[in-house]
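Colleague: Have a look at this prediction, sequence included:
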Amino acid sequence: MEKKRWSYSRLTTHETCGWQYKLIYEDLMPKEQNGYGEFGTLMHMAIELIINGEDGYSFYVDNMNIENIPNGKFEEYSVVVPEFLRAFKPTSFHGEIVGTEKEFSLDIDSENEFTGIIDLILKSDNSYTLVDWKISKIFNKITLKEKQKQLYLYSNYVYQTYGVYPNKMFFYFPAVYANKKYIEINWLEADYKEAYNWMLNEINSVNTTERKPNTDNWIMCNRLCAVKNHCQYTL
Ligand code: SF4
């Protein structure tokens, strides 16, 4: 029997709005791209090119579609990100690169597996570091507590592959103005367990609860939701 494939994005979609989950993962409605997603993808591709020794800066600049830049993001996406890409080098990080855009799939149990793509894995001596690129603004403490679950779940791949958990994980924000564009997370067992339990609880919730719309978040319903045009509850 084929296992159910869970990703961080799939789990957070259900956590955010049960109806969005139904439209995307059960009804298979086509997802609408938005400027945030398009620029995020373009930035990831450009960084990967640079890591592979190619001209990711020109790739980004040649492919940015100014018309698709979301409101209020012009400076960040058309100036700050290109500046970052122009200066970025594969040697900017400490350690040997052992993986980029690494797609993985790990068994959870006999019926479920967890899948993801790790942006960058670095090795230094016998310790590992994970890096995840974000085109968003830098996370505050509350957002970080939620978002770090992604990296903790990805850290299981490092353990399964190399026999140790990473000792550091980074969110990196190339679109922020500040000189310090990253958040460094020291891997902690308690936080790993919290993330893993969250995953198990969310899978259980998908399997046992009714799909309900969540219209409390205006920005989600009116801007970010990729299936808002198929939703009868859109505000
Ligand atoms: S528009 Fe709002 S209620 Fe509808 S699916 Fe999207 S997030 Fe859920």
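Modeller: That came in fine, so what should we check first?

Colleague: C-alpha from now on. contacts and neighbour counts both.
Modeller: Noted.

Colleague: Next to the ligand, which bits of this structure? Give me the list.
Modeller: Neighbours of the ligand within the chain, by CA under 6 Å from any ligand atom: 17, 19-20, 213-215, 220-221, 225, 227-228, 231, 233-234.

Colleague: Tabulate the CA atom coordinates of stretch 201-219 in CSV.
Modeller: Taking C-alpha atoms only, stretch 201-219 is exported to CSV below (Å, rounded to 0.1, in the frame of the first residue of the first chain):
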residue,chain,number,x,y,z
ASN,A,201,-1.0,15.4,16.2
GLU,A,202,-1.7,17.2,13.0
ILE,A,203,-1.8,14.0,11.0
ASN,A,204,-4.2,12.6,13.5
SER,A,205,-6.3,15.8,13.2
VAL,A,206,-6.5,15.5,9.4
ASN,A,207,-7.6,11.9,9.8
THR,A,208,-10.2,12.5,12.5
THR,A,209,-11.7,16.0,12.1
GLU,A,210,-14.1,17.6,9.7
ARG,A,211,-12.8,20.2,7.2
LYS,A,212,-13.8,23.6,8.3
PRO,A,213,-13.1,27.1,6.8
ASN,A,214,-11.1,29.5,8.9
THR,A,215,-12.0,33.1,7.8
ASP,A,216,-10.4,34.8,10.8
ASN,A,217,-7.2,35.8,8.9
TRP,A,218,-8.1,38.5,6.4
ILE,A,219,-4.7,38.5,4.8
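
Colleague: which regions of the chain sit below the pLDDT cut-off?
Modeller: Along the chain, the model assigns pLDDT under 70 to residues 235.

Colleague: Tell me where this protein has helices.
Modeller: Ranges of helices within the chain are 8-16, 18-21, 35-51, 56-63, 74-75, 81-87, 141-162, 189-208, 218-219, based on DSSP state H.

Colleague: Most neighbours among the residues of the chain next to the ligand, please name it.
Modeller: In terms of neighbours by other CA atoms under 10 Å, the residues of the chain next to the ligand top out with Gln20 at 26 neighbours.

Colleague: which one of the residues of the chain next to the ligand sits closest to Tyr57?
Modeller: Cys225 (29.3 Å; CA to CA).

Colleague: how far away is the closest residue to the closest one other than its chain neighbours from Trp6?
Modeller: Spatial nearest neighbour of Cys225, chain neighbours left out: Gln20 (7.6 Å); criterion: CA to CA, 6 or more residues apart in numbering. Distance, Gln20 to Trp6, by CA to CA, to the nearest Å: 15 Å.

Colleague: Likewise for Glu48?
Modeller: Glu48 is 24 Å from Trp6, by CA to CA.

Colleague: returning to that earlier point: what would the residues of the chain next to the ligand look like in CSV with distance to Ser58?
Modeller: Formatted as CSV, the residues of the chain next to the ligand follow (distance: CA to CA, whole Å):
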residue, distance to Ser58
Cys17, 38
Trp19, 40
Gln20, 36
Pro213, 42
Asn214, 41
Thr215, 40
Met220, 32
Cys221, 34
Cys225, 30
Val227, 32
Lys228, 34
Cys231, 38
Tyr233, 42
Thr234, 39
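
Colleague: nearest to Asn34, of these?
Modeller: When the residues of the chain next to the ligand are compared against Asn34 (criterion: CA to CA), the nearest one is Cys225, at 8.9 Å.

Colleague: how about the closest residue to Ile51 other than its chain neighbours, what does it touch?
Modeller: Closest residue in space to Ile51, ignoring its immediate chain neighbours: Pro90 at 4.9 Å, by CA to CA, 6+ apart. Pro90 makes contact with Ile50, Ile51, Asn52, Gly53 under the criterion CA atoms under 8 Å, 6 or more residues apart in numbering.
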